[in-house]
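[1] A predicted structure for the sequence below; I have some questions about it.
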Amino acid sequence: MRLFAFTDTHGNKKIISVLIKKIKLSKPDIIICAGDLTNFSRNLQKLLSEFKKTNLPLLIIPGNHETNQDLARACQKTEFAINIHKKIYSINNYLFFGFGLGGFEGKNSELEKLIPKVKKVSEEKTLILITHQPPYKTNLDVLPSGHAGSRSIREFIEKTKPKLSICGHLHENENKIGKIKSTLIINPGCSGKIIKI
């Protein structure tokens, strides 16, 4: 399967236009957005609708610049965009689990409570995790002040063992790749990245 993943476009129409051209040229099976498509939900419906031009499903989560309610409403008005915050989306032998929102919180009990459920349903399928915040203590959460990732996301990865974890949020770490045991972690940035799994 070929994924086209991106994050943190923050409502920039030029960046989104370039992304759509890249998506059409690279011919992925599915598009992933790890949050912050907009700046505080401004023009959310219009920006989301631009991705209709790709004729592909778009799995998206809210970042810290959208509310889950705003994103859910916008997705319901399309036939291609699916908000997977706290949800599982299944295609063929792949399970995509999304957990958005968050900025610099170290722990999230809501995510931790979902670990047993996701672990159980993903035992015989390939799990792909999409979060906005990066996991704690990798090269994708490094700031001058130290590690700024989520300990709960790291715990989720260690316990559910996804094949791939896509995140964003920290622009300083765009296009970086890391690992937690066998899980590949990628921040595809606003320029996007094709990922083969």
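    Arrived safely.
[2] in this protein, which spans are helices?
    13-26, 44-49, 68-76, 109-121, 151-160 (DSSP state H).
[3] so which elements touch the longest one?
    Looking back up the chat, that one is helix 13-26. Helix 13-26 makes packing contacts with strand 2-6 when contacts are defined by 3 or more Cβ pairs under 8 Å, 6 or more residues apart in numbering; DSSP states H and E. Yep, even glycine has a C-beta here, placed from its N, CA and C like the rest.
[4] run through who's touching the strand it packs on.
    Applying Cβ atoms under 8 Å, 6 or more residues apart in numbering, the external contacts of strand 2-6 come out as 19, 22-23, 26-34, 128, 166, 186, 188-197.
[5] would you mind giving me the ChimeraX syntax to select the buried ones in those residues?
    Buried residues among these (16 or more other Cβ atoms under 10 Å), as a ChimeraX selection:
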select :19,22,23,28,30,31,32,33,34,128,166,186,188,189,190,192,193,195
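[6] inside strands: which ones of the contacts of strand 2-6?
    30-33, 128, 166, 186, 193-196 (DSSP state E).
[7] so H10 makes contact with G35?
    No. Using Cβ atoms under 8 Å, H10 is not in contact with G35; the gap is 10.3 Å.
[8] so these two - more neighbours on which side?
    Using other Cβ atoms under 10 Å as the criterion, H10 and G35 rank with G35 on top: 29 against 17.
[9] without its sequence neighbours, what residue ends up closest to the more buried one?
    In space, G35 comes closest to G63 once its chain neighbours are excluded; the distance is 2.7 Å by Cβ to Cβ, 6 or more residues apart in numbering.
[10] against Q69, how distant is that neighbour?
    14 Å (Cβ to Cβ, to the nearest Å).
[11] out of the ones in strands among the contacts of strand 2-6, which one sits closest to S150?
    I166 (14.0 Å; Cβ to Cβ).
[12] hmm, I32 and the closest one touching each other?
    Yes. The pair I166 / I32 is scored as a contact, 5.8 Å apart, by Cβ under 8 Å.
[13] so what's the spatially most central residue of the chain scoring on pLDDT?
    The centroid of the chain falls nearest to A34 when counting by Cα atoms, centre = their mean (2.5 Å). Note for A34: predicted pLDDT of 98.
[14] returning to that earlier point: using a markdown table, lay out the helices of the chain together with distance to L3 and mean pLDDT.
    A markdown table is the format used below for those (distance: least, Cβ to Cβ, whole Å; pLDDT from 0 to 100):
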| stretch | distance to L3 | mean pLDDT |
| --- | --- | --- |
| helix 13-26 | 10 | 97 |
| helix 44-49 | 18 | 96 |
| helix 68-76 | 18 | 97 |
| helix 109-121 | 19 | 95 |
| helix 151-160 | 18 | 97 |
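[15] wait, which of those helices is closest to H132?
    helix 151-160 (9.5 Å).
[16] buried residues in that closest one?
    151-157, 160.
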